[in-house]
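*Asks:* Build me a model:
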Amino acid sequence: MSQPEEALTALSVQFPDYPREVLEKTIDAQQYDGVVNVQTCIDALHKFGYDGDDSRAPTRTQARRKATVWRQPGSGTLQRGVTFHSKTKAGFDDSDIFTDAGDDTEDEDAQETIDSDDEIRDLFNIMFTALDAVAGEVNSENSVTSTISLSEAATGEYMEIENLEDNEDEGVADLINRASILFPDVEKDDIEASLKTSEYDLSAVCYDLMKDLAPEAQPTSPSVTQRDLLRNLAMGTSLSASSVSFDATSWKSRQEIVSSGLLSELSEKEIKRQESIAELAQSEDAYLKDVTVLLDVLLLPMLQASIAGDPIDDTIPHDTIRSMAESGELLKKSGEQFLAALRARQAEALVVVSVGDIILEHIPRLRAAFSSYCSTCFYLQSHFQHPTAELKALLKRASADARCRSLPASAFVLAPIQRVARYPLLVQAIGDRTAGDNTADTLALIQAQSQVRDVAQLCNTRLRSLEDHAIMVDLSNRLDTSRLQDPLPLVHSDRALIKRGRLTAVKLTDKQKISKSKRMEIMLFTDMLVYAKPLEHGKKFLVYKQIHRALVEARAFDGSTDKGKGTAKKATAATKDSDKLIELLLYGEGSSTFKLYFLCASRSERDRWLEAFTPQLEDEEQQFADYDCPQGRVVQDYDARQQDELTLRRGDLINIINRGGSDGEEHASMYKGVIVGVLHATHRQTKGWFPRQHIKELITTHTHAKVLKAQYKLTSGSMRLEAKNL
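*Replies:* As a prediction, this is how the structure comes out:
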């Protein structure tokens, strides 16, 4: 539980795009006796979202009735008993995408223009590669929320600047007071003189004062581009802002170590271990200098300009800028505490006996800092792609600052991401060189290495989630759903884009000859298929269909087509492109089941699409895909009796991935499942076996799809038999 102020800070970091009023209303709805459950607030905001209407914050009633289900990270289920199979408006035919009834737009065959965000997505993919390399397959812990306080220089009262005439004494005094709040250590006379010089431009004064307060310049280094920085990050090399100029003396070269005679007494392995411990502390010190530069030349100037009423970018809300600065402050604070503990241990003796306990102690704070900074990193990188004139000027001033050592400002934005990727490697180096008789530190380092990998994986997941959300929002803004009767909103917290591409929809004759064709945009999401016609050279898309993936079957074209009364006729002559065709069977009520055929550019492209439609199951015992599995609600508590069993609590929501036995017997005594929703946050095991009598199965998309598939199989079989008897 947290105080309302702490909860507001945590939510501002988690939801930087949400107005402060919405967050405050959400907190008020969840508040009981002056305390707030932050996780419940996060669940409510994920559940109800924000569509630009500040009045639509989740109410207390909504929170208690709907937002009590807490999702495990990455649960990826959207079923909840809802089947979606979009219906088209009158005058449109689902199965005939070649007749554009009511559609006066021209068919666009031109290639889609490259998305403006492609470059940033490429850069982030490189980051993901680096994080994946160190994080492996380890599952992350739940995100830890934390609160911080900004320095006094950055927490001045936010006031709108009004038009000021030189002769308005009260206005001048007001500007002086505002500047004094931002810079309490600067004399008011100096502030007034600066205001007069800048013609009472408070923003310009703030920049000048920041420059005057900057520490002495450091030596410059050769320029490193953002792409080079990220590529070296992916390859595991040290080319960050920290490492470019870092040239610390090694442990064994220190004068006190040489004069003590320890080098002749210690084994080579122990000397390397001490070198690794020293490298951890030295690289942390260099990294913190980069964080300080990031705050001084970018985050705090942005905040101060916003406080002064002259924001660098009008599209970034003040609360978001404040949250970004807070995340930077949290990075600095947690890193300084970690470094201080390492330095204190080094000061105790020339040879450090143990360091694993220190790393373990500080991992929770580091996890909170890095997880909150992920939003800041992604937000800044996104705005760097389309900077305003003011932001361009700020970035230019930042790069010209001697402390940046000729590096672009983006290098310092990415420095924390590279740092979290290096922690597992640094800790592993210490652990590999720790002697076997140092049992206590060996065990601590093994645990620490696992936990820092979790932190890297957590940041990886967070960045991917932010990228997925940005892609979904962009696509949603480009979709025209006017053909659909009740279109579903595309953006959902559990939905992500799996594959997207331009294919040719074709209409086949009985002899498999292509009679008609049309270019279509195919979008496959975690739980939904959308196909649409490109408009405006791929800038917009006219949606023809939204359908749940459980109601779609994809396969390579087998040479048969459905004609007439549902009969399947095998053609004797095959089209030359038959090995590039994908056949989609879309299930619907009664006669609304139909087939579509899409022509790919090559056989390999067809195979890649088929792999996307039918992914390999992660668990060899898994019988159902994540998007098409039965679900159950726990109606009776159960305590696990073996390690591979689940502990269940009444109200838990479970995805059933195995009904027991390879034959899929539905009446086996034990099922295997994944807990995807609980009434209260928990650290229970989420995947395992459980007695089936402790749950009640729900009517879900899986259930509905199963019925439709059985009906289609029965109907088509009867029609084939009827045709054969004629």
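*Asks:* From I522, how far out is K533?
*Replies:* Remark: distance between K533 and I522 (C-beta to C-beta, to the nearest Å) = 11 Å. Where you see a C-beta, it was placed from the backbone N, CA and C, and this is true even at glycine.
*Asks:* between those two, who's got more neighbours?
*Replies:* Ranked by neighbour count (other C-beta atoms under 10 Å), K533 and I522 place K533 first, with 23 against 20.
*Asks:* What does the pLDDT read for the more buried one?
*Replies:* What the model reports for K533 is a pLDDT of 92.
*Asks:* Surely it forms part of a strand?
*Replies:* Yes - according to DSSP: H, G, I helix; E, B strand; the rest coil, K533 belongs to a strand.
*Asks:* Name whatever forms a beta bridge with it.
*Replies:* K533 has these beta-bridge partners by DSSP bridges: L542.
*Asks:* just checking, it touches F541?
*Replies:* Yes - under the criterion of C-beta atoms under 8 Å, K533 makes contact with F541 at 6.8 Å.
*Asks:* Next up, the contacts around M324.
*Replies:* Shown in contact with M324 (C-beta atoms under 8 Å, 6 or more residues apart in numbering): 16, 299, 302-303, 375-376, 379-380.
*Asks:* of those, closest to A421?
*Replies:* T376 (16.7 Å; C-beta to C-beta).
*Asks:* contacting residues around that closest one?
*Replies:* 16, 299, 323-324, 327-328, 413.
*Asks:* Go through those and single out the one with the most neighbours.
*Replies:* Top of these by neighbour count (other C-beta under 10 Å): G328, with 29 neighbours.
*Asks:* and the gap between that one and P311?
*Replies:* Per C-beta to C-beta, G328 is found 17 Å from P311.
*Asks:* again with S450
*Replies:* According to C-beta to C-beta, S450 and P311 sit 43 Å apart.
*Asks:* What of L599?
*Replies:* L599 is 50 Å from P311, by C-beta to C-beta.
*Asks:* do the same with D290
*Replies:* 25 Å.
*Asks:* Then L266?
*Replies:* 57 Å.
*Asks:* Compare those two and say which one has the larger neighbour count.
*Replies:* P311 (20 against 16).
*Asks:* So that one belongs to a helix, correct?
*Replies:* No - judged by three-state DSSP, P311 forms no part of a helix; its state is coil.
*Asks:* I'd assumed R322 was in contact with it.
*Replies:* No - with contacts counted by C-beta under 8 Å, P311 stays clear of R322, the gap being 11.4 Å.
*Asks:* in whichever strand or helix holds R464, what's buried?
*Replies:* Here R464 sits within helix 439-478, counting by DSSP states H and E. Neighbour-count burial for helix 439-478, counted by 16 or more other C-beta atoms under 10 Å, picks out 441-442, 444-445, 447-449, 451-472, 475, 478.
*Asks:* now for it, which elements pack on it?
*Replies:* Under the contact definition 3 or more C-beta pairs under 8 Å, 6 or more residues apart in numbering; DSSP states H and E, helix 439-478 sits against helix 118-135, helix 356-385, helix 409-432, strand 497-508.
*Asks:* Okay, buried residues for the last one please.
*Replies:* Pointing back at strand 497-508 there. By neighbour count on 16+ other C-beta under 10 Å, the buried set for strand 497-508 is 497-498, 501-508.
*Asks:* What is the nearest of the residues you listed to H548?
*Replies:* Closest to H548 out of the buried residues of strand 497-508 is I498 (13.7 Å), distances taken as C-beta to C-beta.
*Asks:* Just give the nearest non-adjacent residue to that closest one, would you?
*Replies:* L524 (4.7 Å; C-beta to C-beta, 6 or more residues apart in numbering).
*Asks:* next one: phi and psi at the one you found?
*Replies:* Backbone torsions for L524, taken as degrees, to the nearest 10, come to phi -110, psi 120.
*Asks:* didn't it look like it was pressed against P615?
*Replies:* No - between L524 and P615 there is no contact under C-beta under 8 Å: 10.3 Å.
*Asks:* Let's have the contacts of M324 in a markdown table, adding pLDDT and distance to E589.
*Replies:* Below are these laid out as a markdown table (pLDDT from 0 to 100; distance: C-beta to C-beta, whole Å):
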| residue | pLDDT | distance to E589 |
| --- | --- | --- |
| P16 | 68 | 43 |
| L299 | 93 | 55 |
| M302 | 92 | 54 |
| L303 | 92 | 56 |
| S375 | 89 | 43 |
| T376 | 90 | 48 |
| Y379 | 87 | 44 |
| L380 | 90 | 49 |
